[in-house]
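Asker: Okay, here's the prediction I keep looking at, along with the sequence it came from:
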Amino acid sequence: MLKALVTGQGQRLSGRALALLGLVAFLLFLPGRAATPPFDRDEPRYMEATAQMLESGNFVDVRFQDKPRYLQPAGIYWLEAAAVAATGTLNDRAVWAYRIPSLLAMSAAVMLTAWIGSALFGAPAGVMAAVFLTVSVLVTAESRMGTIDSTLLLTVLLAQVALVRALLDRENGRQTRWQTPVLFWSAIGCGLMLKGPVILIPSLATPLALGLVERNFSLWRKMRPAWGWLIALAIMLPWCVAIGVVSHGAFFKNAVGTNFLGKVASGQQAHGLAPGYHVLVFLLAFWPGSFFVAAALPAVWKNRQSLIVKYLLCWIIPHWVVFELIATKLPHYVLPTYPALAVLTAGMLMRGGAVWQQWPKAVWARAALGVYGAAWVLVGLALAFAGPILMWQLEHVVSLSALIVAGGCLPLVILSAILLWRSELRKAVLTSAACAALLYVGLFTVVVPRLHSIWLAPRLAELVNTHRPCGAETEVASVSFSEPSLVFLLGGKVKLVGVTQAADFMRTNRTCGVALVDEKARTAFLNALGADAAQVVSRGMVSGLNYSNGHHLAISLYALTQPTQTP
């Protein structure tokens, strides 16, 4: 199969092969996109802010309900707005439309990873690198969410493509054409419009770190920094000026001072963790590729003087160290290093023979790798059985379809473990990748959409839409469930208030007002209503688990009837 993807020249992947890899990734990322509700809390915030952008026609000042959302530039909202406008789904609040940019960006990221791997190590390594990236747990999750990280990864890869082209030009004694630095700085400009300064870490650190290691900054000079930065500035400056005027400088104070620098100094939103977090999470986040990365480390060390290895390490290490050191930590913060890890690992594996001969020689290193391998197998087994376990624990049902998926994955995990024991790593890559592909398709088609107990927002929105006393004019207050997914699914028209405010709201909107109140807050709500509590009626109840905070809720929809008139 690999030979069919290789061109006749220089063992590079052809354009057709790259397109085929992108298509395979696209199809793997596709299942479950429409059936899976918004993931709280970040994704529906992007969705609702995008919807409000389209409804208001204001494409500068990003807002979530009546509050400004000054966390990052407007790039992701523009992309999602374009997708929603093109599909005509604004009024439907269809989640899949908002996820289109992530789907396309991650599919393109797979293609660019394959190109980089092919350019540096040859076509087989390019294909393997694409496989590693495509089937990793974190990439599979991010590709299905309407958030920034997939599109940001694409801009990182576009900048790295420019660096690889310039590096190959330098080593082959060729002049670097002007299109290469234009691509580099354009990618940086687009990245700045997506997530601000984050793009600068992998894109600038790579050539500068390589320059320090080599004591030769020729690669950096090929990016034409004397004038190239003006391209990035031209991309982001118009919106920066506009938002600066509209917000009176509040955007920069909040986005840079509070959001960006705040994450460096202290853990935000309970995500403050010690250094080493990303190394620990990597076992799951990059599974099944995580063990192969660990297995390739001796080969990486042996080839550390190779220019290609130096380049990839200069891509990985600075970014990884920065995000291990900052206080706030989330798994996707090191996602920009995953393509480099995939390429480096694939390159090392393809240099070895059919049977891997480069295990570490030290006893302690062999023992550590053995423990890591055992943990890798346990993660695979846990993922294989995740579907039926979740269905039983959350829905209290034995799902035949989930068991079939687990039954298909289990022998592949066992076979992968046997192949690793035999040092047949290339075969283990294929079997574990097949396991991951089957697992993800199964989880996102037959398990995740059916976990009704955790999808409170869609069921609450359905309850409200079934019992609207004034149709579209109905006003909704929510006391006990304030997740952004509910705001998005109710078209932004819901007030997130406390018990007293909800009671006042109901009295003020007796005819057209309804309130969502959990059983734990019911007594306080009725007490706050006072004499009007006698007119409260329940229109139904939704119970389940709020997975964002772990609280079990039983939420009723309350309305007020008209008081009886005394003759």
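Answerer: Thanks, I have the structure now. Numbers count the residues shown, from 1 in each chain.
Asker: Going by C-alpha atoms from here, please, whenever you check contacts or count neighbours.
Answerer: Noted.
Asker: Any idea how many residues pack against residue 199?
Answerer: By other Cα atoms under 10 Å, the residues close to residue 199 number 23.
Asker: And it, what's its pLDDT?
Answerer: Listed pLDDT for residue 199 reads 96.
Asker: For the nearest residue to residue 316 once chain neighbours are set aside, which residues are in contact?
Answerer: Distance criterion Cα to Cα, 6 or more residues apart in numbering; nearest residue to residue 316, sequence neighbours excluded, is residue 337 at 5.2 Å. Under the criterion of Cα atoms under 8 Å, 6 or more residues apart in numbering, the neighbours of residue 337 are 202, 315, 316, 319, 320.
Asker: Would you mind giving the domain segments of the chain?
Answerer: Domain ranges of the chain: 3-351, 364-451, 455-560, per automatic domain parsing.
Asker: now these as TSV including distance to residue 358?
Answerer: What follows is the domains of the chain, written out as TSV (distance: least, Cα to Cα, whole Å):
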stretch	distance to residue 358
domain 3-351	6
domain 364-451	10
domain 455-560	44
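Asker: Compare those and give me the one nearest residue 357.
Answerer: In terms of Cα to Cα, the element of the domains of the chain nearest to residue 357 is domain 364-451, at 7.6 Å.
Asker: Just give me the neighbour total for residue 302.
Answerer: Neighbours of residue 302 (other Cα under 10 Å): 11.
Asker: same check, this time on the one 5 residues further on
Answerer: Here the count is done by other Cα under 10 Å, and residue 307 has 15 residues near it.
Asker: Show the pLDDT at it.
Answerer: 97.
Asker: and what of the one 10 residues further on?
Answerer: Looking at residue 317, its pLDDT reads 98.
Asker: Phi, psi for it please.
Answerer: Dihedral pair for residue 317: phi -60, psi -50, per degrees, to the nearest 10.
Asker: In the chain, what helix or strand scores lowest on average pLDDT?
Answerer: Least confident element among the helices and strands of the chain, by mean pLDDT, DSSP states H and E: helix 261-265 (a mean of 59).
Asker: Quick one: name whatever helix or strand follows it.
Answerer: Following helix 261-265 in sequence order, the next helix or strand is helix 277-285 (DSSP states H and E).
Asker: May I see the buried residues of that next one?
Answerer: By 16 or more other Cα atoms under 10 Å, the buried positions in helix 277-285 come out as 278, 282, 283, 284, 285.
Asker: now swap in stretch 80-93 and tell me
Answerer: Those would be 80, 81, 82, 83, 84, 89, 90, 93, for stretch 80-93 by 16+ other Cα under 10 Å.
Asker: Skip the chain neighbours and tell me the closest residue to the second one.
Answerer: Of all residues beyond its chain neighbours, the one nearest residue 81 is residue 50 (5.7 Å), with distances taken as Cα to Cα, 6+ apart.
Asker: Now that neighbour: which helix or strand?
Answerer: Going by DSSP H and E, residue 50 is in helix 42-56.
Asker: any idea of the mean pLDDT for that helix?
Answerer: Rounded mean pLDDT across helix 42-56 is 97.
Asker: Same check on stretch 345-352?
Answerer: 91.
Asker: List the buried residues of that stretch.
Answerer: With the criterion 16+ other Cα under 10 Å, stretch 345-352 contains buried residues 345, 346, 347, 348, 349, 350.
Asker: Per-residue pLDDT of the residue positioned nearest the centre of the chain, please?
Answerer: Centroid-nearest residue in the chain: residue 142, 2.6 Å away (criterion: Cα atoms, centre = their mean). pLDDT, residue 142: 97.
Asker: Quick one: residues contacting it.
Answerer: So residue 142 contacts 102, 149, 150 (Cα under 8 Å, 6+ apart).
Asker: what about the second one, how many residues close to it?
Answerer: Read it as residue 149. 23.
Asker: Okay then, goodbye and thanks.
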